[in-house]
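A.B. asks: Here is my input, please return the structure:
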Amino acid sequence: MKVVAIIQARVSSSRLPAKSLLPVAGLPLALLCAKRAGNRGLPVRVATSDHQSDNALFRVFQEHNIECARGPLDDVLRRFVIATADLQFDDIVVRLTSDNVIPDGGFLDGLIQQFRRSNLGYMGTSYPEDGLPYGVSAEIFTVNLLREADCRTVDGVDREHVTPWIRREAETGRFSFPTTRDLSYLRATVDTFQDYQQVWRLFDGETDPINVSWLSLCQRLESDSGSGFRIPYRIKHNHVVSRMTLGTAQLGLERYGIANDDGRPNGLVAAEIISRAVRHGVTVIDTARAYNEAETRIGQAFEVLPRDMTLTVTKLDPMAGLEEATSRDSIRAAVERSIFCSCHNLRSRRLDVVMLHRSQHYRLCGGAIWQTLLDCRKRGLIRELGVSVYTPEEAMSVLHDPDVLHLQIPLNCLDRRWKQAGIQESLQARPDIIVYARSLFLQGALLLPPEKWPRPARSSARKYCTQLDRLAEEFGRESRTDLAIGYVLAQPWIDTVVLGVDNLRQLDANLLAVTHAPLTEEQVSRVEAVFADIPEDLLNPVTWNTIDQVHDG
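C.D. replies: Numbers count the residues shown, from 1 in each chain. Take a look at the predicted model:
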């Protein structure tokens, strides 16, 4: 069986135009990628487009005697078929992309050997489970499967990304790597100008950029990184879900939460909060139309940050004036206005996830709001839908709907309502739902001195604070913050915790706390025995008289 590496490349990147031609170590990026892939003799071809924008790129490969096939700009799958037209059905294709220059011949040799032993039709790297930096990746499959995919699928995503149909239909496997450390918090692809600067520095001063090993480059990338760690994650519903979701109410509202003494951070600080969170492995950003400037600030941050590693969850406008008698046309207009405003603010043509900010909107007006969201999803404006709720009863009322793939609830170490209602057992029938826990600190109340607690708890606040501090000390936790996070992350049915911050110091503390081990089952039971009967008017911030009535996030 013949093995050929095919590198897809084009100039018309929307995020970083002409990145394939940007110089790294004195060579155009795409050319360096091709030369590194072939540095041990593996035949390398390039699949680019026949659009005039790629003429210069085509000439680069011609000048360096690298075979280059051309095909439709928007049909990468067809380009691969054209590039492999002379191969036999049982020959093997190694798929690479020109913006990932760390993989070399040694890396690919190891993958090819594993593939030959596997007797599978497809194998690929699997970020982040494989522990490799994002962008150190490759896929291997047979020419037969490639041609079958070309014949069988007309789906735009399948044809743009080449292998989705193969991964759905073929017997597949994952490569294994002898890595001793998790390097998945590192980024090695080129999608933004910031990415390009990092890769340029990685090769700066390298005397042999074509032959330096991929492991050496990964080690150099690790040494140059200022991040130092990646927070834990889960794989859920085809998403990499970080155990911490960055909440952004504090980034958009003038003063959010009773513990907020700093007010809303300025734009530069807000951008650094988002950037630093992403660098440490936060893959989910939570926001809402009701959070004033939050969506806009996220959109601005992602002008320079990579979107391909994050999931942005926004919530529908609360539509406070909506009534049961509102006409369906007015409802549709209000929902679509909210969606288009979020797209504009987040600077995205399609929203990753939209949640109802008010769970009663699920059934209000005969379900017209939810139906409009379903229509928007069908039109490609939204990928997935969810609901944000206050109570177990609200959560239970939507779990039957297969279109609800995201559920956000308030939960903290004082709150027994969710276990008493049997939410964990109910969620066992919906393993596809990503569950977010917000309000871990009761809008910051759990971290405050007794005299600053909300009115419903003032008489008992001193006792609660003493109990929280004693438990933190008993369990060897660093603080009430550490205790509160450790309790919620110990709940097996919670996928991620939504933590908002007022400043960078809080962000750093929360990121580190999320890396700590959750409480043990015994410790969870101890907490629940101590806080067995907390009044609901304390657990629901909507009932407080001292804060805004905005949904806590």
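A.B. asks: only C-alpha atoms for contact and neighbour calcs from this point on.
C.D. replies: Will do.
A.B. asks: Show the pLDDT at the nearest residue to Asn39 once chain neighbours are set aside.
C.D. replies: Nearest non-adjacent residue to Asn39, counting by CA to CA, 6 or more residues apart in numbering: Gly105, 5.4 Å away. What the model reports as pLDDT for Gly105 is 97.
A.B. asks: how close does Gly105 get to Ser342?
C.D. replies: Taking CA to CA, to the nearest Å as the measure, Gly105 falls 44 Å from Ser342.
A.B. asks: And the two? Which one has more around it.
C.D. replies: Shown here are Gly105 and Ser342; by other CA atoms under 10 Å, Ser342 has more neighbours (26 against 22).
A.B. asks: Isn't the more buried one up against Tyr291?
C.D. replies: No: with contact defined as CA atoms under 8 Å, Ser342 does not count as touching Tyr291 (11.2 Å).
A.B. asks: so who does Val240 touch?
C.D. replies: Contacts for Val240 (CA atoms under 8 Å, 6 or more residues apart in numbering) come out as 128, 233-234, 283.
A.B. asks: and if you look at Phe141?
C.D. replies: The neighbourhood of Phe141, defined by CA under 8 Å, 6+ apart, consists of 92-94, 121-123.
A.B. asks: For those residues, which two are the farthest from each other?
C.D. replies: Using CA to CA, the contacts of Phe141 span at most 12.0 Å, a distance reached by Val94 and Gly121.
A.B. asks: just to revisit the earlier point, if we only consider the contacts of Phe141, which is nearest to Lys35?
C.D. replies: Among the contacts of Phe141, and counting by CA to CA, the member closest to Lys35 is Val94, at 14.5 Å.
A.B. asks: could you measure that closest one against Val162, distance?
C.D. replies: 12 Å.
A.B. asks: what's the answer for Leu132, then?
C.D. replies: 22 Å.
A.B. asks: Please apply the same query to His400.
C.D. replies: Taken as CA to CA, the span from His400 to Val162 is 34 Å.
A.B. asks: do Val199 as well
C.D. replies: Taken as CA to CA, the span from Val199 to Val162 is 25 Å.
A.B. asks: which regions of this structure lie under the pLDDT threshold?
C.D. replies: Residues of the chain that meet the criterion pLDDT under 70 lie in 178-180, 226-228, 255-262, 545-553.
A.B. asks: How is it partitioned into domains?
C.D. replies: The chain breaks down into these domains under automatic domain parsing: 3-224, 233-543.
A.B. asks: after whichever strand or helix holds Leu146 comes which helix or strand?
C.D. replies: Following DSSP states H and E, one finds Leu146 within helix 143-152. Following helix 143-152 in sequence order, the next helix or strand is helix 156-161 (DSSP H and E).
A.B. asks: what does that next one rub up against?
C.D. replies: 74-78, 150, 153, 164-165.
A.B. asks: Report the buried residues of it.
C.D. replies: For helix 156-161, a neighbour-count test (16 or more other CA atoms under 10 Å) marks 158-160 as buried.
A.B. asks: on that earlier part again, what about the contacts of Val240, which one has the most neighbours?
C.D. replies: Within these, most neighbours by other CA under 10 Å means Thr283, with 24 neighbours.
A.B. asks: For that residue, give me its contacts.
C.D. replies: So Thr283 contacts 240-242, 245, 309-311 (CA under 8 Å, 6+ apart).
A.B. asks: Leaving out chain neighbours, which residue sits closest to it?
C.D. replies: Thr283 sits nearest to Thr310 (CA to CA, 6+ apart), 4.3 Å away.
A.B. asks: Isn't that neighbour up against His280?
C.D. replies: No: counting by CA under 8 Å, Thr310 does not reach His280; the two are 11.9 Å apart.
A.B. asks: quick one: the closest residue to Leu504 other than its chain neighbours from Thr142, how far?
C.D. replies: Nearest non-adjacent residue to Leu504, counting by CA to CA, 6+ apart: Ile273, 6.0 Å away. According to CA to CA, Ile273 and Thr142 sit 44 Å apart.
A.B. asks: more neighbours, those two?
C.D. replies: Ile273 (26 against 21).
A.B. asks: Can you say which helix or strand has that one in it?
C.D. replies: Going by DSSP H and E, Ile273 is part of helix 267-279.
A.B. asks: could you point out which element follows that helix?
C.D. replies: strand 284-286.
A.B. asks: C-terminal to that next one, which secondary structure element comes first?
C.D. replies: helix 294-301.
A.B. asks: Need the three-state assignment for the residue sitting furthest away from the middle of the chain.
C.D. replies: Centroid-distance maximum for the chain: Ser459 at 41.9 Å, with CA atoms, centre = their mean. What DSSP: H, G, I helix; E, B strand; the rest coil gives for Ser459 is coil.
A.B. asks: That one and Arg168: what is the separation?
C.D. replies: 58 Å.
A.B. asks: In the stretch 351-500 of the chain, mark out all the helices, start to finish.
C.D. replies: 364-378, 392-396, 417-420, 423-427, 461-474, 480-489 (DSSP state H, counting those that start in this stretch).
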